[in-house]
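> Sharing a model that was predicted from the sequence below.
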Amino acid sequence: MVKPNLTNLRGALLAQQAAVESSLPPMSSPLQPRLDRAMSSLTIPPPACMLRPLEVPLRYLFGPGPSNVPPRILAAGARPIIGHLHPEMYEVMNDIKKGIQYAFQTQNNMTMAMSGSGHAAMECAVFNVVEPGESVLVAVNGIWGERVAEIAERMGASVHTIVKAPGGVFTNEDIEKALAKHKPVLFFLTHGESSAGLVHPVDGIGDLCRKHNTLFLVDTVASLGAAPIFMDQQNVDILYTGSQKALNAPPGTAPISFNERACRKMFNRKTKPVSYLFDMSHLSNYWGNDGKSARQYHHTGPVSGFFALRESLAILAEMGLEESWRHHKEVAEYFWAGLEDMGLQLFIPDKDLRLPSVTTITIPEGYNWRELLQYMMQHHQIEMTGGLGPSVDKVIRVGLMGYNCQKRNADLALAALADALRKCKKSKA
Ligand SMILES: *Cc1c(COP(=O)(O)O)cnc(C)c1O
């Protein structure tokens, strides 16, 4: 892998800029005079901002996503567009499917990438396997459970929750009790709870779900590639992730996979899913998963986004999943030790339950976390973020994912935090 330093990033951006500039109209045909055309029928003139070039700052994205995209993936996304129904595009999609099967450790045929961010996969999973009125059980220990509960509520499911404080862990007994009580068709759990910095154990839960005739849905948006998950071996029925976290692709695509149990449920429903765009009977054809020889037009997939996603899955395959997990753990442990040396407290006390891709730091007493974050952005060009949902005002979150997961970046983050703690005086509160 290319080392993620600012020089590499800058080089990639300069190359991009040169390509853009060479395609700009010559200065002898400026757009400005068109503004003054007297006889225009338009009442809204071209906005001045649109006559200025795009400016995007160079930043270290050490929040919980998106993370910095390595030049190789940027370059893949910048390839010329081909048609979404060209045979070469089907090849790219077939490759993506194989890459996801590897990353998820599954042989599921019904594997694809959603045209949309992680939320598209969340909605796709719930919309396709649940019918209005059916019971859904959601484990809530941070924002992602809250979101899935709301998604299920909106489509008319009967939603039940088991709730813990952010970062709380559910025992398999907690879960089985709730499965027996609510008899849900679907149980949702977040593997990498990025609002709390927790990686939740998954072993045994899939078996409990089978016993209770429930589908087991797991969110690995923040953990895929950073912490071990074995879709087939752990009996996960539906698994999804996102493109912009440890996979390091731009946001906008989301891998998802359904096993045979999940397919049986979703293809034998009485009502149609509420979303046309996310209807798996159409998507399975678009991805060549339904056994038919022809793929029909359903929607136009994000061609550039798929090129980039393919490249990010290729990088993961080249590195190897186990090496990627080991590497994230090693850099995370190095970072955690540095934080503790500075006197900071980690929000998840148990090392084995900490998410290696997103670290949560308890806000040091007396400090205003917004001031700390602003200071680091302004003086170090480093993004870190506060909490989300129930973890707001409780934590600062630092993501070192994929390409960004390097000891050198951990050092940058530690130095920025130390500087911010020195400069942002404690409030008197
Ligand atoms: C980021 C994230 C999501 C949402 O993904 P989007 O791409 O922002 O829609 C879902 N689940 C988890 C655990 C996440 O970290």
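Cool, the structure landed.

> Spell out, range by range, the helices that occur in this structure.
Under the criterion DSSP state H, the chain contains helices at 6-22, 71-77, 87-104, 118-129, 143-154, 172-182, 205-211, 260-266, 280-286, 303-319, 321-341, 369-380, 407-423.

> For the longest one, C-alpha coordinates in CSV please.
So that's helix 321-341. The C-alpha trace of helix 321-341 is given here as CSV (Å, rounded to 0.1, in the frame of the first residue of the first chain):
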residue,chain,number,x,y,z
LEU,A,321,-8.5,-9.9,5.3
GLU,A,322,-6.5,-11.3,8.2
GLU,A,323,-3.6,-9.0,7.6
SER,A,324,-6.1,-6.1,7.5
TRP,A,325,-7.6,-7.1,10.8
ARG,A,326,-4.2,-7.5,12.4
HIS,A,327,-3.0,-4.2,11.1
HIS,A,328,-6.0,-2.3,12.3
LYS,A,329,-5.7,-3.8,15.8
GLU,A,330,-1.9,-3.1,16.0
VAL,A,331,-2.3,0.6,15.0
ALA,A,332,-5.3,1.0,17.3
GLU,A,333,-3.5,-0.4,20.2
TYR,A,334,-0.6,1.9,19.5
PHE,A,335,-3.0,4.8,19.4
TRP,A,336,-4.8,3.8,22.6
ALA,A,337,-1.5,3.5,24.5
GLY,A,338,-0.6,7.0,23.3
LEU,A,339,-4.0,8.4,24.4
GLU,A,340,-3.6,6.8,27.9
ASP,A,341,0.0,8.2,28.2
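
> Not counting sequence-adjacent ones, nearest residue to K245?
The shortest distance from K245 to any non-neighbouring residue, by Cβ to Cβ, 6 or more residues apart in numbering, is to G65 (4.4 Å). From N, CA and C alone the C-beta is placed, and that goes for glycine too.

> Quick one: low-confidence residue ranges for this structure.
1-17, 20-38, 427-429 (pLDDT under 70).

> Check it for the residue nearest the ligand and tell me.
G118 (2.4 Å; Cβ to the nearest ligand atom).

> picking up where we left off before, wait, doesn't the residue nearest to K245 sit right on S195?
No: here G65 does not reach S195: they are 11.7 Å apart, not a contact under Cβ atoms under 8 Å.

> And for P390, the neighbour number?
Residues contacting P390 under the criterion other Cβ atoms under 10 Å number 20.

> For the stretch 151-300 of the chain, which segments count as strands?
Using DSSP state E, counting those that start in this stretch, the strands of the stretch 151-300 of the chain run over 158-163, 186-190, 192-193, 198-199, 215-219, 238-240, 253-258.

> Adding mean neighbour count and distance to E88, write those out as a markdown table.
As requested, the strands of the stretch 151-300 of the chain are exported to a markdown table (neighbours: other Cβ atoms under 10 Å; distance: least, Cβ to Cβ, whole Å):
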| stretch | mean neighbour count | distance to E88 |
| --- | --- | --- |
| strand 158-163 | 18 | 43 |
| strand 186-190 | 27 | 36 |
| strand 192-193 | 30 | 34 |
| strand 198-199 | 28 | 38 |
| strand 215-219 | 27 | 32 |
| strand 238-240 | 29 | 26 |
| strand 253-258 | 28 | 18 |
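
> For the stretch 201-350 of the chain, which residues are neighbours of the ligand?
With Cβ under 6 Å from any ligand atom as the criterion, the stretch 201-350 of the chain meets the ligand at residues 219, 221-222, 242, 251.

> now, which of those sits nearest I82?
P251 (21.7 Å; Cβ to Cβ).

> Setting the sequence-adjacent residues aside, check what's closest to that closest one.
Q244 is the one closest to P251 (Cβ to Cβ, 6+ apart), at 4.0 Å.

> Pull up the gap between that neighbour and S117, please.
For Q244, the distance to S117 equals 8 Å [Cβ to Cβ, to the nearest Å].

> Settle it for me: which of the two has more neighbours?
Neighbour count, other Cβ under 10 Å: between Q244 and S117, Q244 has more, with 26 against 18.

> how about the residue of the chain closest to the ligand, what does it touch?
Residues counted as contacts of G118 (Cβ atoms under 8 Å, 6 or more residues apart in numbering) are 219, 221, 240-242, 254.

> Please apply the same query to D279.
Contacts of D279 by Cβ under 8 Å, 6+ apart are 127-128, 272-273.

> Which one of those residues sits in the busiest neighbourhood?
So for the contacts of D279 (other Cβ under 10 Å), the most neighbours sit at N128, 25 neighbours.

> correct me, but that one touches H282?
No: if you go by Cβ under 8 Å, N128 and H282 don't touch, sitting 10.7 Å apart.

> Just give me the residue right at the centre of this protein.
G242 (3.3 Å; Cα atoms, centre = their mean).

> That residue contacts P251, doesn't it?
Yes: using Cβ under 8 Å, G242 is in contact with P251, at 7.3 Å.

> what residues are shared contacts of these two?
Common neighbours of G242 and P251 (Cβ under 8 Å, 6+ apart) are 65, 117.

> What is the neighbour count of the residue nearest to T300 when sequence neighbours are not counted?
Excluding the flanking residues, the one nearest T300 by Cβ to Cβ, 6+ apart is H84, at 5.0 Å. Applying other Cβ under 10 Å, we find 19 residues neighbouring H84.

> picking that back up, any common contacting residues for Q244 and S117?
Shared contacts of Q244 and S117, counting by Cβ under 8 Å, 6+ apart, come down to 251-252.

> measure the nearest residue to T106 once chain neighbours are set aside to H191 for me?
Once flanking residues are discounted, T106 sits nearest to M231: 3.9 Å by Cβ to Cβ, 6+ apart. Distance of M231 to H191, given as Cβ to Cβ: 11 Å.

> re the thing from before, out of the strands of the stretch 151-300 of the chain, nearest to A18?
strand 253-258 (27.1 Å).

> looking at it, V395 is touching G387, isn't it?
Yes: when contacts are counted by Cβ under 8 Å, V395 is listed as touching G387 (4.5 Å).

> these two touch, right, L339 and I361?
Yes: assessed by Cβ under 8 Å, L339 is found in contact with I361 at 6.1 Å.

> hey, what's in contact with both of the two?
In contact with both L339 and I361: 346, 417, using Cβ under 8 Å, 6+ apart.

> ok, now which ones touch H298?
H298 touches 282-283, 285-286, counting by Cβ under 8 Å, 6+ apart.

> about what we covered before: state the distance from the residue of the chain closest to the ligand to T190.
Taking Cβ to Cβ, one finds G118 at 11 Å from T190.
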